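K.L.:
here is my input; please provide its structure:
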Amino acid sequence: MEAGRARLAPFDLDRSLVEAARADPARFDALYRKYVAQVYSFAVYELGDHHEAEDATERTFLSALSALPRFEERADVDAGSDASTFRVWLFRIARNVIAERRRRSRRRPEASIDLALATPDPLDVETTVVDREAATSAWAAVDRLTGDRRQAVILRFVHEMSTADIATVLDRSEGAVRVLIHRGLRSVARDLARRGEGRA
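P.N.:
Purely as a prediction, here's the structure:
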């Protein structure tokens, strides 16, 4: 029994917020405010449409709120004080919602004016190292990746998730995630080289 308890992270970052929301659903707002920008950003990258991303974000949090009584904290004890199993669980819900919206849009394809808008550049803070044009080209190449490969790269470099957390979100092994990220970055490099944008 003691060994089983030791498997839980002693300092899950969101434990107190989750417990408060379970006691009073109105207090779920704290978790919403903390993660809404991250979930929305993930949805924009995956869906390429701001309206679809807003809807997916809303559905993700509604699903999380309704499923919160069934949420189980399962962080590894080695994850440390920055661990949040709630965050990983939330991103798994987001991934499922996004997959459902993709299936729906394949059944009823629609053209959106938002597709003409550039996705916000997450590397703007790096302008002293990488100029805006190169960063835009690099993220356009990331956007051309498919499926889990793209999701792994975005979760790692946009949302700064650990390999272990990404593995949980994607339901893959950590080794498989490392391969996805490595192959994703190699594909981006080849894509940029083909387009004459290797400097990115």
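K.L.:
so where's the protein uncertain?
P.N.:
1-11, 75-84, 107-135, 196-200 (pLDDT under 70).
K.L.:
change it to 80
P.N.:
1-12, 74-84, 104-139, 189-193, 195-200 (pLDDT under 80).
K.L.:
need the helices for it, in chain order.
P.N.:
2-6, 15-23, 29-47, 50-67, 85-107, 132-143, 147-157, 163-170, 174-194 (DSSP state H).
K.L.:
CSV for these, including distance to residue 73 and mean neighbour count?
P.N.:
The C-beta positions use only the backbone N, C-alpha and C, and glycine is treated the same way. Formatted as CSV, the helices of the chain follow (distance: least, Cβ to Cβ, whole Å; neighbours: other Cβ atoms under 10 Å):
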stretch, distance to residue 73, mean neighbour count
helix 2-6, 12, 7
helix 15-23, 7, 16
helix 29-47, 13, 19
helix 50-67, 14, 17
helix 85-107, 5, 18
helix 132-143, 32, 18
helix 147-157, 20, 21
helix 163-170, 12, 21
helix 174-194, 20, 16
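K.L.:
relative to residue 74, which of these is closest?
P.N.:
Proximity to residue 74 (Cβ to Cβ) singles out helix 85-107 among those, at 5.6 Å.
K.L.:
other SSEs contacting the closest one?
P.N.:
Counting contacts by 3 or more Cβ pairs under 8 Å, 6 or more residues apart in numbering; DSSP states H and E, helix 85-107 is packed against helix 29-47, helix 50-67, helix 163-170.
K.L.:
quickly list the domain ranges of the protein.
P.N.:
Here the domain parsing of the chain from automatic domain parsing is 1-114, 118-200.
K.L.:
just send the helices and strands packed on helix 85-107 back as JSON lines, with distance to residue 149 too.
P.N.:
Output for the helices and strands packed on helix 85-107, formatted as JSON lines (distance: least, Cβ to Cβ, whole Å):
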{"stretch": "helix 29-47", "distance to residue 149": "12"}
{"stretch": "helix 50-67", "distance to residue 149": "20"}
{"stretch": "helix 163-170", "distance to residue 149": "10"}
